[in-house]
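Asker: Sequence and predicted structure are below.
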Amino acid sequence: MLSGLIVFPFDQHASPPDGIEVDFFGHPAWTFRSLAILALATGAPVVPATAWREPDGRHVLRFEEALAPIDAADTKEAVRLNTRAYNEVLERLILARPEQWYWVHRRWKTVARKARSTKGG
């Protein structure tokens with residue numbers, strides 16, 4: 001029985017502190033880490049889904065195999081491993097129907113790291 005569901009659009013740029021830099025199509029991309037944090041905290045699986053339009057105009061919604069959270073000794077590493085796994089699924093879904101992927105923002109934009117200033121005495 002389904003008691004709750006969260007829909008999380010995953011294909012967005014996410015600057016720190018909300019994001020983590022993991023590969024997406026072979027390039028570092030800042031990706032939301034909150035999905036991995038929720039999965040690790042609750043033990044809930046992540047169920048990827050995709051939708052596309054057929055040539056006759058019908059729309060199809062498909063749910064993929066559930067992804068169990070990946071554990072690691074270090075929480076930051078567990079978040080990184082899970083986030084990368086989600087990006088891998090997204091890559092596969094996009095490659096299956098690239099003509100259906102409508103994307104208008106810069107997914108691989110870099111994030112300038114703020115230098116720590118030190119006050120001299």
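Answerer: The structure has been received and is ready for your questions.
Asker: Just grab the bridge partners of W30 for me.
Answerer: Beta-bridge pairing of W30 under DSSP bridges involves E21.
Asker: got a list of what it touches?
Answerer: W30 makes contact with 13-16, 19-21, 109, 111 under the criterion C-beta atoms under 8 Å, 6 or more residues apart in numbering. Quick note: C-beta positions are derived from backbone N, CA and C, even for glycine.
Asker: And it, how far from A66?
Answerer: Distance, W30 to A66, by C-beta to C-beta, to the nearest Å: 25 Å.
Asker: My understanding was that L61 contacts A51; is that so?
Answerer: Yes. The pair L61 / A51 is scored as a contact, 4.7 Å apart, by C-beta atoms under 8 Å.
Asker: Look at these two and report which has more neighbours.
Answerer: Neighbours per residue (other C-beta atoms under 10 Å) separate L61 from A51, with A51 holding more: 11 against 8.
Asker: Need the three-state assignment for the more buried one.
Answerer: What DSSP: H, G, I helix; E, B strand; the rest coil gives for A51 is strand.
Asker: Contact partners for it?
Answerer: Contacts for A51 (C-beta under 8 Å, 6+ apart) come out as 59-62.
Asker: So which of the residues you listed is the closest to F8?
Answerer: L61 (15.4 Å; C-beta to C-beta).
Asker: Can you spell out which helices and strands pack onto the host helix or strand of the closest one?
Answerer: Using DSSP states H and E, the element containing L61 is strand 59-63. Packing contacts for strand 59-63, counted by 3 or more C-beta pairs under 8 Å, 6 or more residues apart in numbering; DSSP states H and E, involve strand 49-53.
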